[in-house]
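>>> Dropping the sequence and predicted coords here.
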Amino acid sequence: MSYYLCGESVTPKERFLGALRRKKMDRIPVVSVTQTGIIDLMEMSGSCWPEANRDPERMARLSAYAYEVAGFENVRVPFGIHSEAEALGCKADYFEGRHDRTPLVEPLSDLRLRADADPASSKSTRTVIDAVRLLKKMVPLGVPIVAGVQGPSSLTAKIHGMERFFKSLAHAPGDVGKTYDVASDFIIKFVKELEDAGADVIIFIDSSATGELIGPALYRRYAFPRITEVIKACRVPTVLHMCGNCTSILPFMVETGVRGISIDQRVSILRARELMDGKASLIGNINPVDLWLKEPELIRKITLQVMEDGIDVVAPGCGLVPHTPLSHIQTMIETVKKYTLEHG
């Protein structure tokens, strides 16, 4: 399948990476930096969850269908946010027989981490690395490969459990310091393996550190140094995603050195652009629930509004709901491409 639109000479990879560098491109890219697995694509590809969450070939095939069939201008793995925590010792529930649930990890009650865990040999992270390597051969060179990785705060929170993590940050931050160290070190090693495998962009999911949950003061003191350390170790462009309202910490997020900030629907694009002051590109922020439940005509209007508000890269504001109809996603993507033709 060709990755050029009629009359276009810019590849999706050039367009997306150019947008991340704040360059003026031929049009706005439309991608998904969050999970892309929907049941329609699972059935068409023959790669369903939970198998596609633990088998690299099925993971790569399902990811490729998000580009080849749905029309996203990238591919993205994995579909869950469990692999790093599982590699470090957490137990993961893959919900056998369910095609609409991503894996869920249990916190470590004794906090006995596998401090010597290696992402290249740990099964859960190896699956993602191998899927990236397969995608490198599976999709055209002009299609960007995006690899999702948990940020240090989110990984630490999964290991400790959310309640214990937040209490420790507020009252006994030393209790989470060791976990933060191990998590950050593991993430840096994992990213290197993903880059070597062929990832073009790394997106960090660090939603446990959103402003709604820990606030600007704790973010600046604990989360910011960790995510900045990890981002500085990356060789490819990076994106930082936050679920929830991250408005209060956006000034800190752009100082981490990321190329792009991915926001969800609770963040005002206009306010975000003001706070970011051109230091990173803005990605998002179409509500995944709207993509799931709204009629195509309303999805078109929502997409147009996001572009009118000044988004740099159109994308869902969080992972797609598995039951989202394929036609709804295609409506969003086609709207972006048609907008360019109509507005020049």
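That came through, no problem.
>>> From the chain's centroid, how far away is stretch 23-40?
Offset of stretch 23-40 from its chain centre (Cα atoms, centre = their mean, to the nearest Å): 11 Å.
>>> what about it, average pLDDT?
Mean pLDDT, computed over stretch 23-40, is 97.
>>> Pull out the buried residues from that stretch.
Residues of stretch 23-40 classed as buried by neighbour count (16 or more other Cβ atoms under 10 Å): 25, 27-40. Bear in mind the C-beta positions are built from the backbone N, C-alpha and C, glycine included.
>>> Ok, stretch 81-98 next?
Going by neighbour count (16+ other Cβ under 10 Å), the buried part of stretch 81-98 is Ile81, His82, Ser83, Glu84, Ala85, Glu86, Ala87, Leu88, Gly89, Cys90, Ala92, Tyr94.
>>> end-to-end on it?
Terminal residues of stretch 81-98 are spaced 17 Å apart (Cα to Cα, to the nearest Å).
>>> how close does Asn255 sit to Leu282?
One correction, residue 255 is Glu, not Asn. 15 Å (Cβ to Cβ, to the nearest Å).
>>> In terms of neighbours, single out the busier of these two.
Leu282 (23 against 13; other Cβ atoms under 10 Å).
>>> excluding its backbone neighbours, what's nearest that one?
In space, and not counting its chain neighbours, Leu282 is closest to Asp312: 4.9 Å by Cβ to Cβ, 6 or more residues apart in numbering.
>>> same deal with Ala170?
Among residues not flanking Ala170 along the chain, Leu218 sits closest, at 7.2 Å (Cβ to Cβ, 6+ apart).
>>> Secondary structure element holding the one you found?
Assigned by DSSP states H and E, Leu218 belongs to helix 211-218.
>>> Next, the buried residues of that helix.
Gly211, Leu213, Ile214, Leu218.
>>> Take these and lay them out in JSON lines including distance to Pro119 and pLDDT.
Shown next, in JSON lines, are the buried residues of helix 211-218 (distance: Cβ to Cβ, whole Å; pLDDT from 0 to 100):
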{"residue": "Gly211", "distance to Pro119": "29", "pLDDT": "79"}
{"residue": "Leu213", "distance to Pro119": "26", "pLDDT": "84"}
{"residue": "Ile214", "distance to Pro119": "26", "pLDDT": "88"}
{"residue": "Leu218", "distance to Pro119": "28", "pLDDT": "92"}
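>>> Just the buried residues of the helix or strand where Lys136 lies, please?
Taking DSSP H and E as the definition, Lys136 sits inside helix 123-138. Applying a neighbour-count criterion of 16+ other Cβ under 10 Å, one finds 124-136, 138 buried in helix 123-138.
>>> same check, this time on stretch 98-108
His99, Arg101, Thr102, Pro103, Val105, Pro107, Leu108.
>>> same check, this time on stretch 191-199
Residues of stretch 191-199 classed as buried under the neighbour-count rule (16+ other Cβ under 10 Å) are Val191, Glu193, Leu194, Glu195, Ala197, Gly198, Ala199.
>>> now do stretch 234-241
Of the residues in stretch 234-241, Cys234, Val236, Pro237, Thr238, Val239, Leu240, His241 count as buried by neighbour count, 16+ other Cβ under 10 Å.
>>> try stretch 153-171
Buried-residue list, stretch 153-171, by 16+ other Cβ under 10 Å: 153-161, 164-166, 168-169.
>>> cool, stretch 316-330 as well?
Buried, per 16+ other Cβ under 10 Å, within stretch 316-330: Pro316, Gly317, Cys318, Gly319, Leu320, Val321, Pro322, Thr324, Leu326, His328, Ile329, Gln330.
>>> Where does pLDDT dip in the stretch 51-200 of the chain?
Across the stretch 51-200 of the chain, nothing is flagged by pLDDT under 70.
>>> Mind jotting down where the helices sit in it?
56-65, 83-87, 123-138, 152-160, 162-171, 174-197 (DSSP state H, counting those that start in this stretch).
>>> The stretch 201-344 of the chain now?
211-218, 224-232, 250-253, 269-276, 288-293, 296-308, 326-343.
>>> Need the winner for burial among these.
Counting by mean count of other Cβ atoms under 10 Å, helix 250-253 has the highest mean neighbour count of the helices of the stretch 201-344 of the chain, with a mean of 22.
>>> Name the residues that touch it?
216, 219-220, 224, 240, 242, 246, 261, 267, 272, 275-276, 280 (Cβ atoms under 8 Å, 6 or more residues apart in numbering).
>>> repeat that with 6 Å
Contact with helix 250-253 is made by Tyr219, Arg220, Phe224, Leu240, Ile261, Ala272, Leu275, as judged by Cβ atoms under 6 Å, 6 or more residues apart in numbering.
>>> can you list those residues in JSON lines and add pLDDT and distance to Gly46?
JSON lines is the format used below for those (pLDDT from 0 to 100; distance: Cβ to Cβ, whole Å):
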{"residue": "Tyr219", "pLDDT": "94", "distance to Gly46": "43"}
{"residue": "Arg220", "pLDDT": "94", "distance to Gly46": "47"}
{"residue": "Phe224", "pLDDT": "97", "distance to Gly46": "43"}
{"residue": "Leu240", "pLDDT": "98", "distance to Gly46": "34"}
{"residue": "Ile261", "pLDDT": "98", "distance to Gly46": "35"}
{"residue": "Ala272", "pLDDT": "98", "distance to Gly46": "39"}
{"residue": "Leu275", "pLDDT": "97", "distance to Gly46": "44"}
